[in-house]
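Novice: Quick one, structure for this:
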Amino acid sequence: MSGPLQGVRVVDAATLFAGPLTATYLGDFGADVVKVEHPSRPDAARGHGPSKDGIGLWWKTLGRNKRAITLDLKHPDGADTMRRLLTESDVLIENFRPGTLERWGIGPDELLAVNPGLVIARVTAFGQAGPYSSRPGFGTVAEAMSGFAAVTGEPDGPPTLPPFGLADGIAALATAYAVMAALRHRDATGEGQVVDLAIIEPILMMLGAPITAYDQTGYVQPRTGNRSVNNAPRNVYRTADGDWLAVSTSSQSIAERVLCMVGRDDLVARPWFGSGRERAEHADELDEAVGSWIAARPTSEVVEAFEAAQAAVGRVHDVRGVLADPQYDALGTALAVDDPDLGRMLMQNVLFRLSSTPGAVRWTGRPHGADTDDVLAELGLSADDIARLRKDGAV
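Specialist: Have a look, this model is predicted:
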């Protein structure tokens with residue numbers, strides 16, 4: 001399956017995690033992604049997280065649909081080979097600290113001079129300018145600085161960080177969007193450009209309107225645990241079976257139906273019930289009403305009652321629940337693929353379904369440098385040229 005991005009070559013020279021995940025998203029929909037790693041220091045994502053038989057499992061997903069080559073970009077011949085590769089490419093994704101590519105002679109000015117249509121996505125913690133631009137940083141810093149951690153956790157507890165790369169994941173989606181916008185402009189005008197994405201910014205956009213609210217009213221959102229400051233009831237509740245269910249009543253009509261369902265029409269009649277913000281101020285009372293009703297019933301009965309009331313409810317799954325859930329099964333979210341190292345394995349499918357040009361997982365993450373000879377041969381380098389580069393340590 002070719003996908004809608006067939007013919008677009010993406011060079012992924014980034015590491016851990018936003019940049020490489022951007023390239024994964026593009027590769028899932030047909031882009032020819034060439035993963036460039038240092039000859040002796042591969043992307044640390046290869047060893048990140050769980051492993052089996054010494055093989056990193058996260059890499060099998062993050063590295064899928066990518067051809068893996070090695071180049072030492074600090075080596076003059078390595079940088080020259082990279083320049084040659086990018087002359088015939090559409091997109092470069094990199095996350096070196098600002099000024100690094102420029103020191104190696106392959107900064108945006110040099111690259112756009114030889115390939116005016118190139119889109120260069122620079123994904124860093126703090127962006128290309130500003131007092132923090134040269135600092136190292138990861139998604140954890142973005143989760144803290146953006147305000148996410150400040151509003152996450154129980155009211156009497158500390159700020160809470162997510163146990164996974166949330167800021168990196170959001171930044172990857174934003175970068176993929178930026179790349180597609182830049183390619184659209186390139187296709188219309190022939191002009192490439194630089195995408196400057198700071199990981200501290202996209203997650204801030206996901207938080208709603210904290211800047212506007214503070215600017216206009218001085219409001220600073222507090223930590224509220226699983227509750228919302230905008231509506232109630234909104235929480236997780238335990239059933240008689242011991243399962244946890246998440247309930248949200250973001251719309252007024254759903255809030256009314258839920259409280260009528262649990263037999264508390266009297267609360268619906270209260271003057272404050274007509275406003276989500278005011279309901280949130282009475283969260284204790286509403287949680288007690290809904291939580292006690294749910295606690296007295298088995299999970300299946302609760303879910304059926306919510307469905308009958310056309311109210312929003314969802315089971316709190318771990319990965320076992322995800323794999324057993326019939327909705328995920330119907331969507332094909334967990335995809336079975338064949339891997340040369342581990343055999344049949346499951347991983348997340350592509351992000352969305354296109355009716356005419358669907359994406360696909362064509363292969364899993366490749367070994368370090370497995371495709372170096374093939375990719376360099378496509379650039380016109382002979383076997384002797386490649387052997388010389390390898391002997392000199394450039395690849």
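
Novice: which non-adjacent residue is nearest Pro233?
Specialist: The spatial neighbour of Pro233 that comes closest, neighbours along the chain excluded (CB to CB, 6 or more residues apart in numbering), is Leu286 at 4.2 Å. (C-beta placed from N, C-alpha, C; glycine too.)

Novice: what pLDDT, on average, does the helix or strand encompassing Asp266 get?
Specialist: Under DSSP states H and E, the secondary-structure element containing Asp266 is helix 265-268. Here helix 265-268 scores 97 as its mean pLDDT.

Novice: can you tell me the distance between the two ends of stretch 295-304?
Specialist: Start and end residues of stretch 295-304 are separated by 15 Å (CA to CA, to the nearest Å).

Novice: neighbouring contacts of that stretch?
Specialist: The set of residues external to stretch 295-304 that reach it, using CB atoms under 8 Å, 6 or more residues apart in numbering, is 237-241, 243, 245, 294, 305, 313, 315.

Novice: repeat for stretch 346-359
Specialist: Counting by CB under 8 Å, 6+ apart, 1-4, 25, 28-30, 60-61, 64, 323, 331-337, 360-361, 364 sit against stretch 346-359.

Novice: how about the helix holding Asp266: buried residues?
Specialist: Applying a neighbour-count criterion of 16 or more other CB atoms under 10 Å, one finds Leu267 buried in helix 265-268.

Novice: Flag the shaky bits of the protein, pLDDT-wise.
Specialist: Within the chain, the set of residues satisfying pLDDT under 70 comprises 1.

Novice: measure the residue nearest the centre of it to Trp104 for me?
Specialist: Nearest to the mean C-alpha position of the chain, counting by CA atoms, centre = their mean, stands Gly169 at 2.1 Å. Computed as CB to CB, to the nearest Å, the Gly169 to Trp104 distance reads 29 Å.

Novice: same question, Asp266
Specialist: Applying CB to CB, the value for Asp266 to Trp104 is 71 Å.

Novice: How about Tyr214?
Specialist: Using CB to CB, we find Tyr214 at a distance of 42 Å from Trp104.

Novice: Over to Arg135?
Specialist: Separation of Arg135 from Trp104 (CB to CB) stands at 20 Å.

Novice: Equivalent analysis for Gln221, please.
Specialist: If you measure Gln221 against Trp104 using CB to CB, the figure is 43 Å.

Novice: For the residue nearest to Glu94 when sequence neighbours are not counted, which phi and psi angles does the backbone take?
Specialist: Sequence neighbours aside, Ala13 is the residue nearest to Glu94 in space, at 4.6 Å (criterion: CB to CB, 6+ apart). The phi and psi values for Ala13, taken as degrees, to the nearest 10, are phi -110, psi 20.

Novice: what residues are up against Arg277?
Specialist: Contacts of Arg277 were listed using CB under 8 Å, 6+ apart, and they are 229-231.

Novice: I'd like the distance between Gly19 and Ala13.
Specialist: 8 Å.

Novice: quick one: common contacting residues for those two?
Specialist: Taking CB under 8 Å, 6+ apart as the criterion, Gly19 and Ala13 both touch 93-94.

Novice: distance from the centroid: which residue in this protein tops it?
Specialist: Ranked by distance from the centre of the chain (CA atoms, centre = their mean), the top residue is Asp266, with 43.6 Å.

Novice: Quick one: end-to-end distance for stretch 375-394.
Specialist: Stretch 375-394 has its terminal residues 15 Å apart, counting by CA to CA.
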